[in-house]
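Colleague: What would the 3D arrangement of this be:
(chains A and B)
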Amino acid sequence: AQSVTQPDIHITVSEGASLELRCNYSYGATPYLFWYVQSPGQGLQLLLKYFSGDTLVQGIKGFEAEFKRSQSSFNLRKPSVHWSDAAEYFCAVGDSNTGNQFYFGTGTSLTVIP
Amino acid sequence: DSGVTQTPKHLITATGQRVTLRCSPRSGDLSVYWYQQSLDQGLQFLIQYYNGEERAKGNILERFSAQQFPDLHSELNLSSLELGDSALYFCASSVSVGGARGETQYFGPGTRLLVL
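Modeller: Numbers count the residues shown, from 1 in each chain, chains lettered A, B, ... in the order given. All right, here's what the predicted structure looks like:
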């Protein structure tokens, strides 16, 4: 069955420090992977996505993610975190077998210390 | 702004009642998805409609139903509400059904439902 695991429930980093949020997936075929960000009281905004091709994908707000098939991972990174990056981050895998439903991880809450 | 709209933003009701949540997809999108976000269950897929027809079903209770109308807007009906139905309900849309390529889903701002 398809699933997504985000091992870190909560991460705290200092402003200007680098960031890596972990995501592991379980999917039988070629995965379609996404990272979304949710600010308090807001909907989900797409940061980036991976369908095929280059395994390092660039997204908005300076984020990037690397797909590693051998590790079933799709970790999100940012070289220098800004205070405005504080939010909840969700990794998702799209299931194209039955439609296009997404399976989401439980999310990682990011706190940024000034 | 994703282009997906949801109404109402907030809804407070009592147990046993019935409510309807409304979603308008992005212009040109044919697929609509409903998700429930709660503290204990996280983000769970409920149901997908494509061009008026049900396409995929997830963890949707029998007390819940949805439909997509000819103008492509969708409604999620929640009946016999229980305290545990309190959650944030998201609607998302995408261009087509998804198919072999997968597709980005664009999410609305959500409807926060509180059942008292």
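Colleague: The spatially most central residue of chain B and chain A: what is the separation?
Modeller: Taking C-alpha atoms, centre = their mean, the centroid of chain B lies closest to residue B:34, which sits 2.7 Å from it. According to C-beta to the nearest C-beta, to the nearest Å, residue B:34 stands 10 Å off from chain A. From N, CA and C alone the C-beta is placed, and that goes for glycine too.
Colleague: Residue B:70 too?
Modeller: Residue B:70 is 20 Å from chain A, where distance means C-beta to the nearest C-beta.
Colleague: okay, now that residue: neighbour count?
Modeller: Residue B:70 is flanked by 7 other residues according to other C-beta atoms under 10 Å in any protein chain shown.
Colleague: so it touches residue B:52, yeah?
Modeller: Yes - at 6.6 Å, residue B:70 and residue B:52 qualify as touching, with contact defined as C-beta atoms under 8 Å.
Colleague: And stretch B:80-95, end to end?
Modeller: Distance across stretch B:80-95, first residue to last, is 33 Å (C-alpha to C-alpha, to the nearest Å).
Colleague: how distant is it from the center of its chain?
Modeller: Taking C-alpha atoms, centre = their mean, to the nearest Å, one finds the center of stretch B:80-95 at 6 Å from the center of the full chain.
Colleague: Same check on stretch B:40-53?
Modeller: Here the centre of stretch B:40-53 is set off from its chain's centre by 6 Å, with C-alpha atoms, centre = their mean.
Colleague: Other residues contacting that stretch?
Modeller: For stretch B:40-53, contacts defined as C-beta atoms under 8 Å, 6 or more residues apart in numbering or on different chains pick out A:90, A:99-107, B:30-38, B:54-60, B:64, B:66-70, B:72, B:74, B:76, B:87, B:90, B:96-97.
Colleague: mind listing what's buried in that stretch?
Modeller: B:42-50 (16 or more other C-beta atoms under 10 Å in any protein chain shown).
Colleague: Equivalent analysis for stretch A:11-23, please.
Modeller: So, applying 16+ other C-beta under 10 Å, buried residues of stretch A:11-23: A:11, A:13, A:19, A:21-23.
Colleague: Please apply the same query to stretch A:90-98.
Modeller: Residues of stretch A:90-98 classed as buried by neighbour count (16+ other C-beta under 10 Å): A:90-96.
Colleague: Centre of the chain to the helix or strand in which residue B:55 is found, how far?
Modeller: Applying DSSP states H and E as the criterion places residue B:55 in strand B:53-57. Mean-position distance between strand B:53-57 and its chain equals 12 Å (C-alpha atoms, centre = their mean).
Colleague: Can you dump the C-alpha atoms of that strand in PDB for me?
Modeller: Once non-C-alpha atoms are left out, strand B:53-57 reads as follows in PDB (Å, rounded to 0.1, in the frame of the first residue of the first chain):
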ATOM      1  CA  GLU B  53     -18.400  11.200 -12.000                       C
ATOM      2  CA  GLU B  54     -16.900   9.600  -9.000                       C
ATOM      3  CA  ARG B  55     -13.300   8.500  -9.800                       C
ATOM      4  CA  ALA B  56     -11.700   7.400  -6.600                       C
ATOM      5  CA  LYS B  57     -12.800   6.800  -3.000                       C
END
